[in-house]
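**Q** Pasting the sequence and the predicted model now:
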Amino acid sequence: MSLFFFSAFLSLLWLKDIKYILSVILVLWFVDIKKVPKLSKKAFKSILFFNLGVSLGYLISAYFRNLSPWHYIIYINLKVFMLTYFVFLFFSKVSIVKVFGVNKDLRYLLTMTLSQIFSYKKSYSDFRDAFRVRVVSLRDKEKRFIIRVFEFFLKKAMEDSKERTLAMKARGFFEN
């Protein structure tokens, strides 16, 4: 099943016509109509800043070249939404553990990745909660908090990467 979804994803990359992209979005919505609001919101939130940046950049570029940017902006935004929605739909139907479970090395990498994601997510949540509890006025402390949290995660990432590299070497991942 995951091979089918992967092949379908690759075929979606070749779509060039807005009508076909809209048709695929409708078909994806009908695959699991109950999850449409949740997955659409999740996809929209995930791509919002990226699409805004690309769209604004293209608008500025088109303005200086005296081009009409609207067709391309609609096309690229719909295509990114379609692909993102497809990925979210895929992972709502297929267990990532089962996809990567076919190979011992992939299982190990998935386990390491998920443990790191959950560890970082927990650390971030703890920082956010501590900040909310201890700070009354956000304006004067916000910048320092962001800098300190960034420094913490950068240092943690560097230390974790060394530890993970050693663990992977011990398991034969970097054999020449």
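**A** Yes, it's here.
**Q** shouldn't residue 171 be in contact with residue 111?
**A** No: taking CB atoms under 8 Å as the definition, residue 171 is not a contact partner of residue 111, at 11.4 Å. (Each C-beta comes from the backbone N, C-alpha and C, glycine too.)
**Q** helix or strand right after the lowest-mean-pLDDT helix or strand in the chain?
**A** Sorting the helices and strands of the chain by mean pLDDT, DSSP states H and E puts helix 2-12 at the bottom, at a mean of 73. Counting by DSSP states H and E, the next helix or strand C-terminal to helix 2-12 is helix 18-31.
**Q** Can you report phi and psi for residue 16?
**A** phi -120, psi -20 (degrees, to the nearest 10).
**Q** Apart from its neighbours in sequence, what residue is nearest it?
**A** residue 75 (7.9 Å; CB to CB, 6 or more residues apart in numbering).
**Q** From residue 142, how far off is the one you found?
**A** Taking CB to CB, to the nearest Å as the measure, residue 75 and residue 142 are separated by 38 Å.
**Q** Just want to know which of these two has more residues nearby.
**A** residue 75 (15 against 12; other CB atoms under 10 Å).
**Q** Can you tell me which residue is spatially central in this protein?
**A** Note on the chain: the residue nearest the mean C-alpha position is residue 46, at 6.4 Å, using CA atoms, centre = their mean.
**Q** buried residues in the strand or helix carrying that residue?
**A** Applying DSSP H and E as the criterion places residue 46 in helix 36-65. When burial is assessed from 16 or more other CB atoms under 10 Å, helix 36-65 yields the following buried residues: 39-40, 43, 46-47, 51, 54-55.
**Q** Adding distance to residue 11, write those out as CSV.
**A** Listed next are the buried residues of helix 36-65 as CSV, based on distance: CB to CB, whole Å:
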residue, distance to residue 11
39, 20
40, 22
43, 19
46, 22
47, 20
51, 22
54, 23
55, 25
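**Q** in stretch 107-127, what's buried?
**A** For stretch 107-127, a neighbour-count test (16+ other CB under 10 Å) marks residue 110 as buried.
**Q** average pLDDT across that stretch?
**A** For stretch 107-127, mean pLDDT rounds to 84.
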